[in-house]
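Undergrad: The amino acid sequence is not available; the structure is as follows:
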């Protein structure tokens, strides 16, 4: 938050030595020391942050590059070994595979059905938790509870809700005289059910992050706003939202990355023996496609090509997202 | 904020020294990490190379991974008590499909496999196609021990054996006598057997049943009927030379028959929540029933059986005999204790042990000696109305005349075929679903 006026008049390093000056030898040593210190100053921060980057290079970057490398090769399913170099054939296969195209549509559909309501509800929940509540810690901990439940366990519970014939929801619907919903058949409803599981798990988590940001908003801003006659809703839109913009951007981006990689929920939601996102791939996500191609069908080249394409898509979406979120929250701030 | 960055380098020389130390440490750490990673990657990553053999000793244990229910718990206890120097530890995975994926991943990595691996029968062709990754288990002592079709499926053309068969899956029909009575059908097992000798009879009786009892399905799942019919075809998916040929008349005929009768089933995929639930609410009248299926019927229906529920077994299978499933124990080359692993696998698949498993879980033996055992022949199943299970399944095993040819892609294509059937269950047009099946199979090659 610094402006030009904050600049110090001058740095100690660049200012002239004190009048009178030390003898030459001392002066040389001082220079040497200063030079060393400058190196220290320049290098040390990089060393301090290096453990992450070293680890990332080994467990993140290396697999990433190797995936790219594999995507140019054939794969011998029986011998579990790399075959010949085949250029862009794997990419051609994946891009023309109707199943991959279907999986992309599914991924975006599930992503939109989960991330959008998730963030809106998370901000609303955070705003409610930010008020004076009795037993505040209890409420705040409670919203995190679904996050603690392992996704596999959660899916088992949801599985009994969403079963087509014997599921709890459909039993309630038929009791009310309505038609049962074919959760595992109808494409939209299967996405809806999966998005429901994702939202259940992640809304509380995001709410806590947003809440932390809200807590950091200086309280005197609200006092000032109140003095100016702003109501609670006006305060929320004029003070809170603009102040937590960086956090919203963060939450949107992380949930985009997560949302485009949904895997566990559709995999376990499926009840066919193959578990490839429904018999007609109604809810096969792109990550599931990669898993099926690589681990189940043993085509590591094709899986790598699909993984790389998904990687590029996620980067593109995140950049787009970043731009849009900044734009949107800035507008909200001006409103 | 700015001052921290542009501020003067001050204070004494000690930070300088510390920085040098940090640098040295960081260099060392980097070196260790990089070398460590390279070393880890450069390990025994070739699955076809035999691991160095070590003596089992101290806290080492022979590891075994099974899926579903092999009924080995008490046998392993027995073995461990008798062999203090070879202790066996079993890991159970609930579903074969999950274990298959993990297995493939481990084979890929060339590490992480247990000493003894349980494999579904459909996977054996993939093992035989990749003989370098597995230990040859053949031994003159064991010749003639198994039903021929079981050992043939695990043997290469040059006579190497890659799996010891654990059980076989001769199929009978399990049926609900009380639902048959409600539909006015005969309930006696001999009369039921006479009623459904061919598939045509089976489907016709099913229509008759559905006309009387609308709220129950005639069979458990379209997929299980499809699989039962597949098991009677010699070349369902692949020709004798292992080239894929799914667009053949026999397979299409099975597909069309099953697709035309989906209303007789529950329309739930086999093993799904709805499928399991249908057993407990009087939803299923008949089930194609390999020996091991009895354990599933028991646990899904509830034990003891709810009031009025009478399961029974008919000594018949539509269209003749059929074998469904039956697993193998194999030893991967990556095992460091191959001799012990082989010894243990041979023991636990021996006739005496198979008989104990049969008594406990109903998995039917795959060994000639066990099949002729008087105790087995006299065995009855109390849950299934005291049916003479031993005698029935021995008869069903003798009736098996055709074994489908299993090429290396068999189990993958089977999965796609089940998907195709499930799509029809869900209301898709059978012709469209068949086209999708053909393109799915294309993508496997």
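TA: That came in fine, so what should we check first? Predicted model only: the values in this text are computed from it and were never measured.

Undergrad: Show me where the chain dips below the pLDDT cut-off.
TA: No chain specified, so I'll use chain A. Residue ranges of chain A with pLDDT under 70: A:1-23, A:329-335.

Undergrad: try again with chain B
TA: B:1-48.

Undergrad: show me where chain B has strands.
TA: For chain B, the strands defined by DSSP state E cover B:62-67, B:88-93, B:116-120, B:164-165, B:171-176, B:217-219, B:284-290, B:311-314, B:327-330.

Undergrad: Using a markdown table, lay out these together with distance to residue B:394 and mean neighbour count.
TA: C-beta: built from backbone N, CA, C; applies to glycine. As requested, the strands of chain B are exported to a markdown table (distance: least, Cβ to Cβ, whole Å; neighbours: other Cβ atoms under 10 Å in any protein chain shown):
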| stretch | distance to residue B:394 | mean neighbour count |
| --- | --- | --- |
| strand B:62-67 | 25 | 21 |
| strand B:88-93 | 29 | 16 |
| strand B:116-120 | 23 | 25 |
| strand B:164-165 | 16 | 26 |
| strand B:171-176 | 11 | 27 |
| strand B:217-219 | 24 | 24 |
| strand B:284-290 | 14 | 26 |
| strand B:311-314 | 12 | 23 |
| strand B:327-330 | 19 | 26 |
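
Undergrad: quick one: residue A:134 is in a helix?
TA: No - under DSSP: H, G, I helix; E, B strand; the rest coil, residue A:134 falls outside any helix and is assigned coil.

Undergrad: Make CSV out of the strands of chain B and add distance to residue A:108.
TA: CSV is the format used below for the strands of chain B (distance: least, Cβ to Cβ, whole Å):
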stretch, distance to residue A:108
strand B:62-67, 35
strand B:88-93, 34
strand B:116-120, 36
strand B:164-165, 48
strand B:171-176, 45
strand B:217-219, 37
strand B:284-290, 39
strand B:311-314, 48
strand B:327-330, 41
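
Undergrad: quick one: which of the ones you listed is nearest chain A?
TA: strand B:217-219 (10.6 Å; Cβ to the nearest Cβ).

Undergrad: near chain A at all, that closest one?
TA: No - using Cβ under 8 Å from any Cβ of the partner chain, strand B:217-219 never reaches chain A; the gap is at least 10.6 Å.

Undergrad: Which helix runs longest in chain A?
TA: Counting residues, the longest helix in chain A under DSSP state H turns out to be helix A:300-334.

Undergrad: now it: how far from the chain's centre is it?
TA: The chain centroid and the centroid of helix A:300-334 are separated by 10 Å under Cα atoms, centre = their mean, to the nearest Å.

Undergrad: List the buried residues for it?
TA: Of all the residues in helix A:300-334, those buried under the rule 16 or more other Cβ atoms under 10 Å in any protein chain shown are A:300-310, A:314, A:317-318, A:321, A:325, A:329.

Undergrad: can you narrow these to ones near chain B?
TA: Restricting these to those within reach of chain B (Cβ under 8 Å from any Cβ) leaves residue A:300.

Undergrad: Would you mind giving the domain segments of chain B?
TA: Domain ranges of chain B: B:23-168+B:324-389, B:171-320+B:402-444, per automatic domain parsing.

Undergrad: got the residue ranges for the strands in the stretch 51-200 of chain A?
TA: Per DSSP state E, counting those that start in this stretch, the stretch 51-200 of chain A carries strands over the ranges A:73-76, A:81-85.

Undergrad: for those, which one ends up most surrounded?
TA: Burial of these is given as mean neighbour count (mean count of other Cβ atoms under 10 Å in any protein chain shown); strand A:73-76 ranks first at a mean of 18.

Undergrad: spatially speaking, which residue is in the middle of the chain?
TA: With no chain named, the answer covers chain A. The centroid of chain A falls nearest to residue A:254 when counting by Cα atoms, centre = their mean (2.0 Å).

Undergrad: let's do chain B instead
TA: Centre-most residue of chain B, counting by Cα atoms, centre = their mean: residue B:120, 3.7 Å.

Undergrad: doesn't residue B:410 make contact with it?
TA: No - counting by Cβ atoms under 8 Å, residue B:410 is not a contact partner of residue B:120; they are 10.6 Å apart.

Undergrad: Please name the residues that touch the nearest residue to residue B:376 once chain neighbours are set aside.
TA: Nearest-residue entry for residue B:376: residue B:390, 4.5 Å, with adjacent residues in sequence omitted and distances by Cβ to Cβ, 6 or more residues apart in numbering or on different chains. Contact analysis of residue B:390 by Cβ atoms under 8 Å, 6 or more residues apart in numbering or on different chains lists B:358, B:375, B:376, B:377, B:378, B:379, B:380.

Undergrad: residue contacts, the fourth one?
TA: Going back to what we said before, that points to residue B:377. Counting by Cβ under 8 Å, 6+ apart, residue B:377 touches B:390, B:391, B:394.

Undergrad: any idea how far the second one is from chain A?
TA: Put plainly, it is residue B:391. According to Cβ to the nearest Cβ, to the nearest Å, residue B:391 stands 31 Å off from chain A.

Undergrad: Could you dump the strands of the stretch 51-200 of chain A into CSV with distance to residue B:103 added?
TA: Shown next, in CSV, are the strands of the stretch 51-200 of chain A (distance: least, Cβ to Cβ, whole Å):
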stretch, distance to residue B:103
strand A:73-76, 17
strand A:81-85, 16
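
Undergrad: right, and the ones you listed - which one's nearest residue B:285?
TA: Set against residue B:285 and scored by Cβ to Cβ, the strands of the stretch 51-200 of chain A come closest in strand A:73-76, at 45.7 Å.

Undergrad: What lies in contact with that closest one?
TA: Here strand A:73-76 makes contact (Cβ under 8 Å, 6+ apart) with A:81-86, A:89-90, A:298-302.

Undergrad: Please identify which of the strands of chain B is closest to residue A:225.
TA: strand B:88-93 (59.4 Å).

Undergrad: For that closest one, which helices and strands make contact with it?
TA: The elements that strand B:88-93 packs onto, with contact taken as 3 or more Cβ pairs under 8 Å, 6 or more residues apart in numbering or on different chains; DSSP states H and E, are strand B:62-67, helix B:73-82.

Undergrad: Nearest to chain A: which residue in the stretch 251-400 of chain B?
TA: Counting by Cβ to the nearest Cβ, the stretch 251-400 of chain B gets nearest chain A through residue B:272, at 3.3 Å.

Undergrad: what about that residue, how many neighbours?
TA: By other Cβ atoms under 10 Å in any protein chain shown, 24 other residues sit near residue B:272.

Undergrad: show me where the stretch 51-200 of chain A has helices.
TA: For the stretch 51-200 of chain A, the helices defined by DSSP state H, counting those that start in this stretch occupy A:62-70, A:89-96, A:98-129, A:136-148, A:151-162, A:168-175, A:187-215.

Undergrad: Go through the ones you listed and name the closest to residue B:354.
TA: When these are compared by Cβ to Cβ, helix A:151-162 sits nearest residue B:354, at 33.7 Å.

Undergrad: near chain B at all, the closest one?
TA: Yes - Helix A:151-162 comes into contact with chain B (Cβ under 8 Å from any Cβ), by way of A:159, A:160.

Undergrad: That helix: which residues count as buried?
TA: Judged by neighbour count (16+ other Cβ under 10 Å), helix A:151-162 contains these buried residues: A:151, A:154, A:155, A:158, A:159, A:161, A:162.

Undergrad: ok, back up a step: which one of the helices and strands packed on strand B:88-93 lies closest to residue A:57?
TA: strand B:62-67 (33.7 Å).

Undergrad: Give the closest residue to residue A:202 in space, chain neighbours not counted.
TA: In space, residue A:202 is closest to residue A:118, 5.8 Å off (Cβ to Cβ, 6+ apart).

Undergrad: so who does that neighbour touch?
TA: A:198, A:199, A:202, A:203, A:206, A:255.

Undergrad: who wins for most neighbours among those residues?
TA: residue A:206 (27 neighbours).
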